[in-house]
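In: Structure of the sequence below:
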Amino acid sequence: MKTVQGRILIVDDDREMVQLLGQVVQLEGLTPLLAKDGTEALQMIRAADPDVVLADLRMPGMDGMELMRKAKELDPDLPVILITGFAEVFGAVEAIRAGAHDYIAKPFQHQQVTRVVLRALNERRLKVELKHLTAHVHQVLSPRESFGPSEAIGKVIAAIERVAKSNFSVLIVGETGAGKEVVARAIHQASSRARQPFVPVDCGAVPEALFESELFGHERGAFTGANQMVVGKIEETHTGTLFLDEIPNMPLASQAKLLRVLQEKTLYRLGGAKPIKVDTRMLTASGTDLETLCDRGSFRSDLYFRLNEYTIFIPPLRQRCEDIPYLAKRFMDIANIELSKFIRGFSPAAVEAMLAYRWPGNVRQLRSVVRRAVLLAEEVIDEEHLGLGAKASKVVVKEAPAEHSAPPGPGRSDLSLREIVRGSTVHVERTAIVHALHKTGGNKAKASRLLQVDYKTLHTKVKEYGIRIEEGVHAHD
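Out: Coordinates of the predicted model:
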């Protein structure tokens, strides 16, 4: 049963040819619209809004080239396919340069017409979808849209909603590329300060000598080269939100001054004697354990406690595989817009490769990989377009917790029959999963197929039974 839908406008002064082409497209589940000349065709374009135009190049009065030009004035994205005689191929090539989607040379086979029309119809639909996506991409996305549908992200979203309306200082913890700034922006957008400035500062990108000037500002003449007064980032975000990314990179001397600003809500510009009142909400992010840095003396513990009124942890992408297909699709849509391409999706092998990969660079790396894949692919992204490389074959499955390591003995008097059966089932399941993971080199996607269970079920049981997989370094990590 045909499920394809679309209106194909067929234009030719040869009535038999129009009828024949109408039957060809109708067999594909498409709706033929028939016109005997260019004038009638333009009227139908205005009235019926066709998805594709299939027109003869040579017609009395208005020929195919003129019809194409006038049709493009009405709808610039309307694909026009020209039908030419064998001797007119050069003219058809010129028409394509002028904006025609494709051409079909006579004599032609029905399958050729079908293939060219369906391709034009598909690209027409993709262009419409991309217009909608372009408008959506430039909107502020919700945290769920930014991160994905996983349960782990649901907990992050709940934490954002819980703390956003308060004035708490929030420490956001996560690996490089996990999306710490996205969380910070989501907190700001959901807060009462949403209409005020949000200013991000990468503490690792500011030279130590300029850090205090960047944060607190300076007066004219405060130091050599200070030819004018400069407002610092804290003052700039008065009534708004300041996001300090990679806070461990902040110099110790600046940490002391920041602590005073947070406690007293007052700052002094470098070289200035006048106190300036500030009401700035502070959000910070770290990819390393700040407590450990405090123990080492490289970060002030009093500042840590002040910044850590509330903590949000972002799980790495490898721990929330359910988000990978969703994010990959979103990044593909964005790359299609950026690169003016029409990639339809991912092959099963590509999806499997993405699910099996460890993603040391997290969401940022996934976006980069998908963007490059869109550039390389023609219609569908396959495994080779991702360029993820092979993993080392050595896989170590750590020992399970004691309650899963062996089945309960039938002679135990403290267990019911149901408990004994449950324990034995858990042991058998865990043993089978461990065996499958060893056999597939730790690839959970392949192991799920080997065990004939869906990926999510296997992923849940791996966590439930305390199975941990240590993998070697990827070729492209």
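In: what's near enough to touch the nearest residue to residue 270 once chain neighbours are set aside?
Out: Closest residue to residue 270 apart from its sequence neighbours, by C-beta to C-beta, 6 or more residues apart in numbering: residue 218 at 3.8 Å. Using the backbone N, CA and C atoms, a C-beta is placed for each residue, glycine as well. Neighbour list for residue 218: 226, 229, 230, 232, 269, 270, 271, 272 [criterion: C-beta atoms under 8 Å, 6 or more residues apart in numbering].
In: State the phi and psi torsions of the last one.
Out: Per-residue torsions, residue 272: phi -110, psi 150 (degrees, to the nearest 10).
In: From residue 157, how far out is the residue nearest to residue 192 when sequence neighbours are not counted?
Out: Excluding its sequence neighbours, the residue lying closest to residue 192 (C-beta to C-beta, 6+ apart) is residue 165, at 6.8 Å. Separation of residue 165 from residue 157 (C-beta to C-beta, to the nearest Å) stands at 14 Å.
In: the more surrounded of the two?
Out: residue 157 (18 against 11; other C-beta atoms under 10 Å).
In: Just to check, the more buried one is in contact with residue 145?
Out: No. The pair residue 157 / residue 145 is not scored as a contact, 10.6 Å apart, by C-beta atoms under 8 Å.
In: Now do the SS call for the closest residue to residue 229 other than its chain neighbours.
Out: Leaving aside its chain neighbours, residue 229 sits nearest to residue 220 (5.0 Å; criterion: C-beta to C-beta, 6+ apart). For residue 220, the secondary-structure state derived from DSSP: H, G, I helix; E, B strand; the rest coil is coil.
In: so how far is residue 95 from residue 220?
Out: On the measure of C-beta to C-beta, residue 220 and residue 95 end up 66 Å apart.
In: Give me the more crowded residue out of the two.
Out: Between residue 220 and residue 95, residue 95 has the larger neighbour count (other C-beta under 10 Å), namely 23 against 12.
In: which SSE is that one in?
Out: Secondary structure from DSSP states H and E places residue 95 in helix 89-98.
In: Report the rounded mean pLDDT for that helix.
Out: The average pLDDT for helix 89-98 rounds to 69.
In: what lines up beside the very next helix or strand once past it in the sheet?
Out: Using DSSP H and E, the next helix or strand after helix 89-98 towards the C-terminus is strand 102-105. Strand pairing for strand 102-105, determined by DSSP bridges: strand 80-84 (parallel).
In: neighbouring contacts of the partner strand?
Out: So strand 80-84 is contacted by 12, 52-58, 64-65, 67-68, 71-72, 91-92, 95, 99-106, 108, 116-117, 120 (C-beta under 8 Å, 6+ apart).
In: let's see 6 Å
Out: Where contact means C-beta atoms under 6 Å, 6 or more residues apart in numbering, the residues beyond strand 80-84 that reach it are 53-54, 56-57, 64, 68, 71, 92, 95, 100-105, 116, 120.
In: Stretch 181-201 now?
Out: Here stretch 181-201 has contacts from 143, 146, 160, 164, 172, 233, 236-237, 239-244, 283, using C-beta under 6 Å, 6+ apart.
In: Looking at those residues, which is nearest residue 356?
Out: Closest approach to residue 356 among these (C-beta to C-beta): residue 146, at 23.8 Å.
In: so which strand or helix has that closest one?
Out: Using DSSP H and E, residue 146 falls in helix 143-147.
In: which parts of that helix are buried?
Out: 143, 146, 147 (16 or more other C-beta atoms under 10 Å).
In: same check, this time on stretch 285-296
Out: Residues 285, 286, 287, 290, 293, 294 are the ones in stretch 285-296 that count as buried (16+ other C-beta under 10 Å).
In: and of the buried residues of helix 143-147, the nearest to residue 261?
Out: residue 143 (28.7 Å).
In: Surely that closest one and residue 157 touch.
Out: Yes. Residue 143 is in contact with residue 157 according to C-beta atoms under 6 Å; the separation is 4.9 Å.
In: Endpoints of stretch 97-114, how far apart?
Out: One end of stretch 97-114 sits 22 Å from the other (C-alpha to C-alpha, to the nearest Å).
In: Pull the distance from the lengthiest helix in the chain to the chain's centre.
Out: Taking DSSP state H as the criterion, the chain has its longest helix at helix 110-137. Relative to its parent chain, helix 110-137 has a centroid offset of 22 Å by C-alpha atoms, centre = their mean, to the nearest Å.
In: Name the residues of that helix that come out as buried.
Out: 113, 116-124, 126-127, 130, 133.
In: Torsion angles phi and psi at residue 277?
Out: Torsion angles, degrees, to the nearest 10, at residue 277: phi -70, psi 130.
In: Could you do residue 248 as well?
Out: Dihedral angles (degrees, to the nearest 10) for residue 248: phi -60, psi -20.
In: Might you report the residue contacts of it?
Out: 286, 288, 293.
In: May I have the secondary structure class of the nearest residue in space to residue 75 that is not next to it in sequence?
Out: Nearest residue to residue 75, sequence neighbours excluded (C-beta to C-beta, 6+ apart): residue 45, at 7.0 Å. Three-state assignment for residue 45 (three-state DSSP): helix.
In: Tell me how far residue 45 lies from residue 55.
Out: From residue 45 across to residue 55, the span is 11 Å (C-beta to C-beta).
In: picking up where we left off before, model confidence score at the residue nearest to residue 270, please.
Out: Model confidence at residue 218, given as pLDDT, is 93.
In: now residue 306
Out: Note on residue 306: pLDDT of 95.
In: my guess is it contacts residue 260, does it?
Out: No. Counting by C-beta under 6 Å, residue 306 sits too far from residue 260 to count as a contact (10.3 Å).
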